[in-house]
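Engineer: Provide a 3D model corresponding to the input given below.
(chains A, B, C and D)
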2 protein chains.
Amino acid sequence: MRDTYGLGAAAADTAFSADCPSRPILDQIADKWSMMVLAVLERPARFNEIKRRLGGVTQRVLTQSLRRLERNGMIERRVLPTSPVGVEYSLTPLGESLREPFGHLYSWTVRHSEEILRHQQAFDERPG
Amino acid sequence: MRDTYGLGAAAADTAFSADCPSRPILDQIADKWSMMVLAVLERPARFNEIKRRLGGVTQRVLTQSLRRLERNGMIERRVLPTSPVGVEYSLTPLGESLREPFGHLYSWTVRHSEEILRHQQAFDERPG
DNA sequence: CGGTATCCTGGGCGATACTG
DNA sequence: CAGTATCGCCCAGGATACCG
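Structural biologist: Residues are numbered from 1 along each chain as shown, chains lettered A, B, ... in the order given. Down below sits the predicted model:
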C-alpha cells in the first residue's frame, strides 16, 4: 500500500499489513464507546455521571471501556476521599490529544448522517 | 452534554444520548475494517487485491465489510465484463470525504502507538 | 457510589466446502 | 475470480444479584 492516508512513503509498505503494530492499537481505539466516553470527559466526571450522559450503556460495558481507556493511558482514575466513595475520571494529555481526530470523525458523522441513511434505504429497497 | 467535540451548542444536548441519530451511524463507521478498506481504496481495487493488501482478513469478513460500506454509500461495486468475472470496488465521493477524518485518526494512531504500548505495559505490571 | 460476580444468549468470526 | 452456504466456537454484552 502506497501512501496510506497520506502519511508518505515511509509508512507505506507496512501500513495495515497483518503485522503492522498500529493495527492492534486501532482495535483498541476505534470503537464507539471510546469515542463517546472521551466526548463526555471533555471535563472530569464521575462514573454514574458518565453513565447517565451516555445513556444505554450498561454498568459492565462502561466499566470495561473505562478500564481499557485507562490501560491505554487515555484517562486517569482518581478515588475521591468522600463517603461513600466517589471515583472521578479525567483525560490525560494523551487522551486529550485524541479528542481532536475523534472530533473530526464525529462531526463528519453528524454532517453526513442523513445522506448515509438515504443510501441505506436505497440499498435495502433495491431488487436482489 | 455541552459542546460535544466542539460542534457548538446546537448539537450539544442530543449528542451521544441513546436516541441520537448519529450513534447507530457511528457504529457502522467507526470500525477497524472500514478504516482499512477505505485506506486501500485510495484507488479502485478488486476483491482479491484488497484481501491481499489487508492481510489477515477472511473472505467472509471482507465481503461483509464491503457490503456494509456499499450499503452506506461509501463505495461502489462494479462487475467487470471479463472472463472470469471481475469485481472492482471504488470510492464514492462520500467515501472519499470520509478518508480525511480517518486519515487524521490513523496518523494519530501511528504517532502514538509506542506511547500507548508503554502505558499498557505499565498498567499490566502494576500491582493489584 | 462504584463497582465485582455470575449466568446466559446472539451473533461475530474462522474454517471449510461449494458455485456461477 | 468472487463470492455464497454451512457449521461451530467463542465471547462481547445484557440482565441480575451482591458488596465494600
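Engineer: Can you report how many residues lie near A:Gly86?
Structural biologist: As a burial measure, A:Gly86 scores 13 neighbours (other CB atoms under 10 Å in any protein chain shown). To be clear about C-beta, it is placed using only N, CA and C from the backbone, and glycine gets the same treatment.
Engineer: Contact partners for it?
Structural biologist: A:46, A:79-80 (CB atoms under 8 Å, 6 or more residues apart in numbering or on different chains).
Engineer: quick one: the strands in chain A?
Structural biologist: In chain A, the strands defined using DSSP state E lie at A:45-46, A:75-80, A:86-91.
Engineer: Look up the closest residue to the residue nearest in space to the middle of chain A, ignoring the ones flanking it.
Structural biologist: With distances taken as CA atoms, centre = their mean, the residue of chain A nearest its centroid is A:Met35 (2.5 Å). What sits nearest to A:Met35 in space, not counting adjacent residues and going by CB to CB, 6 or more residues apart in numbering or on different chains, is A:Phe102, at 5.2 Å.
Engineer: ok so, going back, hang on, isn't the residue nearest to the centre of chain A packed against B:Arg23?
Structural biologist: No: between A:Met35 and B:Arg23 there is no contact under CB atoms under 8 Å: 10.0 Å.
Engineer: before we move on, back to that, among the strands of chain A, which is nearest DNA strand D?
Structural biologist: In terms of CB to the nearest atom of the strand, the element of those nearest to DNA strand D is strand A:86-91, at 9.3 Å.
Engineer: what's around the residue nearest to A:Trp108 when sequence neighbours are not counted, how many residues?
Structural biologist: In space, and not counting its chain neighbours, A:Trp108 is closest to B:Pro101: 4.6 Å by CB to CB, 6+ apart. Using other CB under 10 Å, B:Pro101 has 21 other residues around it.
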